[in-house]
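Peer 1: the following block contains a protein sequence and its predicted model.
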Number of protein chains: 2
Amino acid sequence: MPLTEAGIHAAALRLIDAEGVEALTMRRLATALDANPMSLYHHLPNKEALLRGVARMVGAQFRTVTLEDAPWQERIRLLATDFRTLAHRHPNLMAYSFSQPDFIQPEDPFWAALTRTLDAAGVPHSEVRQVAALMCAVVIGVLIAELNGALHQWSNLEPTAPAAGEEGPPNTGPEEEDRMFRLVLDTIITGLDSRLTDGDRQGAGRGVAAEAGPRSGEPVFVPRQQSVSGSRWPGPAPSCRLCAEST
Amino acid sequence: MPLTEAGIHAAALRLIDAEGVEALTMRRLATALDANPMSLYHHLPNKEALLRGVARMVGAQFRTVTLEDAPWQERIRLLATDFRTLAHRHPNLMAYSFSQPDFIQPEDPFWAALTRTLDAAGVPHSEVRQVAALMCAVVIGVLIAELNGALHQWSNLEPTAPAAGEEGPPNTGPEEEDRMFRLVLDTIITGLDSRLTDGDRQGAGRGVAAEAGPRSGEPVFVPRQQSVSGSRWPGPAPSCRLCAEST
DNA sequence: ACCTGAACACCGTTCAAGT
DNA sequence: ACCTGAACACCGTTCAAGT
């Protein structure tokens, strides 16, 4: 155990899995490795690099088999559930890592498989990356909500009416989240499917502000269109009453 | 300025907006308020409560007007873009706050409006909360990816092939994210629409492992079905080679 | 009741010094 | 080249003491 970078990463991951990201400390990590805290700095520039390294090490773990012959819907489902399995394997790390921008890399087999699948589905080449990015964002959003308990908690919130007792038992339990995950996935796939196959049903609101559906075969995904919301970014807008200086 | 709890929250939000969550420190907050660091503890139990308080204060800021007469698709779009506007107003806080489970409360007008809208759309009463939770998770996922730059970065990743120059300029720029946000929203709404109206096209993979589409009018959203993925949670699975103790 | 100073147990990181 | 001890500048929080 001559204190290699990979060994430090592995030990850090073990510590994170066991006690959470906030428990990862250069000093604690060093004692876990039977080393002097300062020795770590000969293999890592700083703690931020350590965390990034651990995240990328795990992110590169994605499945590489792709079921090249299956329908694209099934391949998407496979990739997403794989992603979810990984998130469940290292929940503490992933809950943190999802907030970092660079834990999915172009070299990761996951990204290659995802873009290849969308390409096979018929998404225009110029838009594959954007659709892939959005798919990642959506799945990550659901996984974050699942890992931190928000999905479970929100599902048990009262609806607008006080629920006069005819509601049945509140849908709780762990396997409920399996169903919810599949539901989002199916809904997204259905929506993609609609946009890809028939241009008529497309628009997500036929009869609502009817924006004549684009002909099939052309960029249906990113219709260049004017922004509706006015607020620009970055920098907090000055119009928020919470920000008003009161002292 | 007798150092009220609301005043402390507002000052904390200002500090977060200006310099990020990691810059929020009890000591720095105190000096920003011209107070002794220890005085804060007479109004707050600890730093965690401070952050939770700030997050909930901002989360309660959601729009309360609902356009009760507009079609549900339009109302969903309005709620989502409102959410996004708020995220852009306090990007530093929101990037952190989205990872917390309790920044959306049942009392928030946002939650009430969302569930009411889904109810109006025809989602079965017993499943409104779950669908609402998933909608929140999806939107939050995209917003996180937008705020931390992942959406932009992923969109510019090379697809599987090295792109032989016929690709056109990489779609970057700020208004690109407007389009992408609308794309997810429309895709989700299309998917929801499909599930709500015609039960035949439903299933997101007709011809794929054909799971006989449920009749319309009944719980199409959460079809009680066996889980497909085997991995259970929580606790890291032992089969990960990254976790293998090497020392 | 509200505030305060000193102190405690922790951090990440620098640096000069050891082998 | 790799490791180390002491030190620095910060944390969050406790507590006894002030008004």
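Peer 2: Received the coordinates, thanks.

Peer 1: contacting residues around the residue nearest to A:Leu78 when sequence neighbours are not counted?
Peer 2: Nearest residue to A:Leu78, sequence neighbours excluded (Cβ to Cβ, 6 or more residues apart in numbering or on different chains): A:Leu67, at 6.2 Å. Placement of C-beta: from N, CA and C, glycine included. By Cβ atoms under 8 Å, 6 or more residues apart in numbering or on different chains, the contact list for A:Leu67 reads A:Glu74, A:Arg75, A:Leu78.

Peer 1: ramachandran coordinates for A:Leu33?
Peer 2: Dihedral angles of A:Leu33 (phi, psi; degrees, to the nearest 10) stand at phi -100, psi 10.

Peer 1: ok, so of the contacts of A:Leu67, who is nearest DNA strand C?
Peer 2: Nearest to DNA strand C out of the contacts of A:Leu67 is A:Leu78 (Cβ to the nearest atom of the strand; 37.6 Å).

Peer 1: element containing the closest one, please.
Peer 2: Here A:Leu78, judged by DSSP states H and E, is contained in helix A:72-89.

Peer 1: same question, A:Met57
Peer 2: Taking DSSP H and E as the definition, A:Met57 sits inside helix A:47-59.

Peer 1: what comes up buried for that helix?
Peer 2: A:Leu50, A:Leu51, A:Arg52, A:Gly53, A:Val54, A:Ala55, A:Arg56, A:Met57, A:Val58, A:Gly59 (16 or more other Cβ atoms under 10 Å in any protein chain shown).

Peer 1: related to what we said a few turns ago, tell me how far the residue nearest to A:Leu78 lies from chain B.
Peer 2: Per Cβ to the nearest Cβ, to the nearest Å, A:Leu67 is found 12 Å from chain B.

Peer 1: cool, and A:Trp111?
Peer 2: From A:Trp111 to chain B the distance is 7 Å (Cβ to the nearest Cβ).

Peer 1: excluding residues flanking it in the chain, which one is nearest that residue?
Peer 2: For A:Trp111, ignoring the flanking residues on the chain, the nearest one in space by Cβ to Cβ, 6+ apart is A:Ile104 at 5.9 Å.

Peer 1: next one: A:Val21
Peer 2: A:Tyr96 (4.4 Å).

Peer 1: and that neighbour, what does it touch?
Peer 2: With contact taken as Cβ under 8 Å, 6+ apart, A:Tyr96 is in contact with A:Ile16, A:Val21, A:Leu51, A:Ala55, B:Ser99.

Peer 1: try 10 Å this time
Peer 2: A:Ile16, A:Gly20, A:Val21, A:Glu22, A:Leu24, A:Leu51, A:Val54, A:Ala55, A:His90, A:Phe103, A:Leu147, B:Ser99 (Cβ atoms under 10 Å, 6 or more residues apart in numbering or on different chains).

Peer 1: what about the residue nearest to A:Trp111, neighbour count?
Peer 2: Around A:Ile104 there are 27 other residues, counting by other Cβ atoms under 10 Å in any protein chain shown.

Peer 1: pretty sure it contacts A:Met135?
Peer 2: No. Taking contacts as Cβ atoms under 10 Å, A:Ile104 lies outside contact range of A:Met135: 11.2 Å.

Peer 1: just to revisit the earlier point, in three-state terms, how would the residue nearest to A:Trp111 be classified?
Peer 2: Under DSSP: H, G, I helix; E, B strand; the rest coil, A:Ile104 falls in the coil class.

Peer 1: quick one: pLDDT of it?
Peer 2: We note a pLDDT of 87 for A:Ile104 in this prediction.

Peer 1: for the one 10 residues further on, same thing?
Peer 2: Looking at A:Leu114, its pLDDT reads 94.

Peer 1: angle of the host helix or strand of it against helix A:72-89?
Peer 2: Here A:Leu114, judged by DSSP H and E, is contained in helix A:109-121. Helix A:109-121 runs at 160 degrees relative to helix A:72-89, counting by axes from the mean of the first three to the mean of the last three Cα atoms, to 10 degrees.

Peer 1: next, the angle from helix A:109-121 to helix A:47-59.
Peer 2: With the same axes, to 10 degrees defining the directions, helix A:109-121 sits at 50 degrees from helix A:47-59.

Peer 1: toward the C-terminus, what is the element adjacent to helix A:109-121?
Peer 2: Next along from helix A:109-121, by DSSP H and E: helix A:128-147.

Peer 1: next, the contact list for the residue positioned nearest the centre of chain A, please.
Peer 2: The C-alpha lying nearest the average C-alpha coordinate of chain A belongs to A:Ile140 (Cα atoms, centre = their mean; 1.5 Å). Contact analysis of A:Ile140 by Cβ under 10 Å, 6+ apart lists A:83, A:87, A:94, A:97-99, A:103-104, B:137-138, B:140-142, B:144-145, B:150.

Peer 1: out of those residues, who's nearest DNA strand C?
Peer 2: Taking Cβ to the nearest atom of the strand as the measure, A:Ser97 is the one of those closest to DNA strand C, at 16.9 Å.

Peer 1: the closest residue to the closest one other than its chain neighbours and B:Pro71: what is the separation?
Peer 2: Spatial nearest neighbour of A:Ser97, excluding adjacent residues (Cβ to Cβ, 6+ apart): A:Ala55 at 4.1 Å. According to Cβ to Cβ, to the nearest Å, A:Ala55 and B:Pro71 sit 42 Å apart.

Peer 1: give me the mean pLDDT for stretch A:148-158.
Peer 2: Stretch A:148-158 comes out at a mean pLDDT of 86.

Peer 1: likewise for stretch A:22-41?
Peer 2: The pLDDT scores in stretch A:22-41 average 96.

Peer 1: tell me the domain ranges of chain A?
Peer 2: Structural domains assigned to chain A are A:5-59, A:72-154+A:174-199, following automatic domain parsing.

Peer 1: comparing these, which comes out most buried?
Peer 2: Comparing these by mean neighbour count (mean count of other Cβ atoms under 10 Å in any protein chain shown), domain A:72-154+A:174-199 comes out on top with a mean of 21.

Peer 1: distance from the chain centre to it, please.
Peer 2: Distance, stretch centre to chain centre, for domain A:72-154+A:174-199: 6 Å (Cα atoms, centre = their mean, to the nearest Å).
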